[in-house]
Each structure stands twice: as structure tokens, then as C-alpha cells.
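Peer 1: Sequence and predicted structure below; questions after.
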Amino acid sequence: MFRKAFGCFMIAVALLPLVVSAEPSQATVFEAVCLAVEDLQRTFGDAYRIGADDLSELRKAQAQAATIGSAANAGDARAKRTMERWNDLARAALLANPLLDFDALIVIKRGEKQLGLSQNWEGNSSLPMSGFDNEMGVLSPLDGGTLTTLYRPDKDVFVGDIDLHFDADRFLFSMPGSNGRWQVHEMHLADGTVRELSLIIEPDVDNYEACYLPDGNILFASTAPFVGVPCVTGASHVSNLYRYDPDSGRIRRLTFEQDHNWCPTVLPNGRILYLRWEYSDIPHFASRILFHMNPDGTEQMEYYGSNSYWPNALFYARPSRAAAPGLLPLSAATTACRAWAS
């Protein structure tokens, strides 16, 4: 079953294997797992099946991992079995997160030679148009499952920026289009058909990073404003957000910024969360603030990070389902100024 799942960064962390090591960092790994378990117990209560006995064992692993790990690496069979048991428990504790209540996950598989991560004053239009070894696939089940290819482009071009539809039967993604510029595409899972959306099709305009809206419209980022980032002499083409009505073909601009808007996504309350580069009336130029607005572009306002020096940016922010009234966890990738958005 596919689900429009939030908290994708948490899923990725949960699937990383815990490596047996004699280094002190192994204890740090178990400390992080213990903190995660404590948080999940507080947040979900009985819905989270890892109890006090398991947490006690993980704390024991945290305290003894360096010593037992050294013995395991020295060939002690009993110590090795202990480390394997602790690693299995840690993995199970993370995968028991109630938010991971689905059995299939759409992922991007990309070669390490070209990761497709723009620097954090750039957008997709600054990425190379070739040199990528990547595909979209389905991992199922999440724990120890098989990765099946959904779509691999014919050329060595980027595919990414996936947004799954609310019905989980199709998704949007970014890829260079038929005119040689970045375009938004849609893939239907039932038959694997891929189509390019007819957005702002001009010889020097890029469209990417789209998301579905509940009313059937689509939000996307575009370089149609023809603005360049001032501090790099305009070399980075600024993207603002636009709304597309598939039925009428009408497109309306929603944001009017000097600098980028990135990573739009729909919040559980129907508003749009996005990253806005704030460059005016502040004493520092590295402030990229999470904003939110109505789907028609009204009531644009700060969501998180206003007047903050750190983090300088929160890329790829996604909400998790609220675990308690008034609680809306977010996951994001943080960066400093002049750093890679990774």
C-alpha cells in the first residue's frame, strides 16, 4: 500500500544499517536510538510497541557498546552475537514508529558521482542537464525489502522532486523536458505512463518542484520572473511559486520575491509550506525562512525561523502527522550560508 507519507527523512534514517564498530561513536548511535525511543514513547504512548524493557536493553547497549564492540571485532563470538542482537533491537525500535504504517516507499536511487544537490543559493536550473545515473523505484517492504524500478530516464538526466498524489495513484517529479529546460512530469502508477505538464513553456524558463493541491490544482516553482540572485551577479535564476489549473490551463503567479522560493508542500491544514529567502530589512543575508500561505497565495507569513541566525536554511521541509493537539513535527535538511543543500 502506498500512502502520501510525511516524515521521509525519519524513514531514511530508520533504514540505515547500524554498523558494528569498536569506535566510541557506536555508543553515540545507541544514545540517539534511546532518545528516539523515549520521544516516540512520549508522543504515541501505547501505539508505539517498544516498551520499558526494550529501552532498558538499549541503554545497556549505549553504556557497553564500545567495550563489547571491541571484543566483537577482536573475534569474540559471544560479543559479536550481543552486538548483532543490540543492532537488531535498535533497528526494530526505529521501524516501529507508528508513522511508518505503510509497506511501500517511492525512492530515488542516484549514483554518488552526481548527487543533484544544488548549492543553497541556487535551484534546479543551476544543476547540470546531464551526467546523472538515477532512477525512481519502489522499496517494499521497508525492512529488508526489494527495490523495483518504476522509471529510469532514457538519457542521463536528473529525476527527482517527487510529490505523491493524495490518492497515491500518481506522482509529480522534475526532469528536463522536451524543450531542453526543466519541466514537471507526472507518472501514473497503474500503467507507468509519464507525461510532461504544459506549464510555462518558453525557451529560457525552468519549471520544477511541484506539489498537488487538494482542489486538483498544482503548485510549482518557476524561473519565469527573470530575476537573478544579486550576490552571484544574477548567475542563479530565481524561482517563485505559481499555481496551475489543469482544467483551464490557467497559470497564476503567487509569490513576488527578489530571491528564491523553494520546496512547496501542503500542510495538514491545507496551507502551503515553503522556504523563502528573505533578503530585505535584515542585518544578515543568509536567512531562508519557512513561510506558509493559503493555496491562492493570500496570507503569506513566517512559519518558522524569522529573525533567527541559525539554521540559515531548512530545505525539503515536510510535516509529519500531528501526534497530539497543537503538535506538528517537521523534518528538514539544515544548511549554513554558502553550503550545499544536503
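Peer 2: Great, that's in hand.

Peer 1: make it CA atoms for all contacts and neighbour counts henceforth
Peer 2: Will do.

Peer 1: State the three-state secondary structure for Lys60.
Peer 2: What DSSP: H, G, I helix; E, B strand; the rest coil gives for Lys60 is helix.

Peer 1: And for it, the neighbour number?
Peer 2: 14 (other Cα atoms under 10 Å).

Peer 1: now do Asp154
Peer 2: Asp154: 6 neighbours (other Cα under 10 Å).

Peer 1: Give me the phi and psi for it.
Peer 2: phi -70, psi -30 (degrees, to the nearest 10).

Peer 1: That one and Gln183: what is the separation?
Peer 2: 16 Å (Cα to Cα, to the nearest Å).

Peer 1: pull the helix or strand with minimum mean pLDDT from this protein.
Peer 2: helix 8-15 (a mean of 33; mean pLDDT, DSSP states H and E).

Peer 1: for the stretch 151-300 of the chain, what spans make up the strands?
Peer 2: Ranges of strands in the stretch 151-300 of the chain, per DSSP state E, counting those that start in this stretch, are 160-164, 170-176, 182-188, 194-196, 207-212, 218-222, 240-244, 251-253, 261-266, 272-278, 287-293.

Peer 1: In CSV, list those strands along with mean pLDDT, distance to Asn312 and mean neighbour count.
Peer 2: Output for the strands of the stretch 151-300 of the chain, formatted as CSV (pLDDT from 0 to 100; distance: least, Cα to Cα, whole Å; neighbours: other Cα atoms under 10 Å):
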stretch, mean pLDDT, distance to Asn312, mean neighbour count
strand 160-164, 95, 22, 21
strand 170-176, 97, 25, 22
strand 182-188, 97, 27, 22
strand 194-196, 97, 34, 15
strand 207-212, 98, 21, 28
strand 218-222, 98, 21, 26
strand 240-244, 98, 19, 25
strand 251-253, 98, 26, 16
strand 261-266, 95, 14, 25
strand 272-278, 91, 10, 24
strand 287-293, 89, 5, 24
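
Peer 1: how about JSON lines for those strands, with distance to Ala313 added?
Peer 2: Output for these, formatted as JSON lines (distance: least, Cα to Cα, whole Å):
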{"stretch": "strand 160-164", "distance to Ala313": "18"}
{"stretch": "strand 170-176", "distance to Ala313": "22"}
{"stretch": "strand 182-188", "distance to Ala313": "23"}
{"stretch": "strand 194-196", "distance to Ala313": "30"}
{"stretch": "strand 207-212", "distance to Ala313": "17"}
{"stretch": "strand 218-222", "distance to Ala313": "18"}
{"stretch": "strand 240-244", "distance to Ala313": "17"}
{"stretch": "strand 251-253", "distance to Ala313": "24"}
{"stretch": "strand 261-266", "distance to Ala313": "11"}
{"stretch": "strand 272-278", "distance to Ala313": "8"}
{"stretch": "strand 287-293", "distance to Ala313": "5"}
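
Peer 1: if I look at Thr298, how far off is Leu164?
Peer 2: Counting by Cα to Cα - Thr298 and Leu164 are separated by 25 Å.

Peer 1: let me redo that: Thr223
Peer 2: Thr223 is 23 Å from Leu164, by Cα to Cα.

Peer 1: Check Asn134 too.
Peer 2: Taking Cα to Cα, one finds Asn134 at 18 Å from Leu164.

Peer 1: what's the answer for Ser140, then?
Peer 2: Counting by Cα to Cα, the gap from Ser140 to Leu164 is 16 Å.

Peer 1: Which pLDDT value goes with Ser118?
Peer 2: We have a pLDDT of 87 for Ser118.

Peer 1: How about Leu327?
Peer 2: 55.

Peer 1: Same check on Val205?
Peer 2: The model's pLDDT for Val205 equals 97.

Peer 1: got the contact list for it?
Peer 2: Residues in contact with Val205 (Cα atoms under 8 Å, 6 or more residues apart in numbering) are Arg181, Trp182, Ser222, Thr223, Ala224.

Peer 1: From the chain's centroid, how far away is the helix or strand following the least confident helix or strand of the chain?
Peer 2: Scanning forward in sequence from helix 8-15 by DSSP states H and E, the next helix or strand is helix 25-44. Centroid separation for helix 25-44 versus its chain: 21 Å, with Cα atoms, centre = their mean, to the nearest Å.

Peer 1: Just the buried residues of helix 25-44, please?
Peer 2: Gln26, Ala27, Val29, Phe30, Glu31, Val33, Cys34, Val37, Leu40, Gln41 (16 or more other Cα atoms under 10 Å).

Peer 1: can you put those in TSV and add distance to His188 and pLDDT?
Peer 2: Putting these into TSV (distance: Cα to Cα, whole Å; pLDDT from 0 to 100) gives the following:
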residue	distance to His188	pLDDT
Gln26	43	62
Ala27	44	60
Val29	39	86
Phe30	41	91
Glu31	42	92
Val33	37	94
Cys34	40	95
Val37	37	96
Leu40	35	94
Gln41	38	95
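
Peer 1: can you list those in CSV and add distance to Ser56?
Peer 2: As requested, these are exported to CSV (distance: Cα to Cα, whole Å):
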residue, distance to Ser56
Gln26, 17
Ala27, 14
Val29, 15
Phe30, 12
Glu31, 12
Val33, 12
Cys34, 9
Val37, 11
Leu40, 15
Gln41, 13
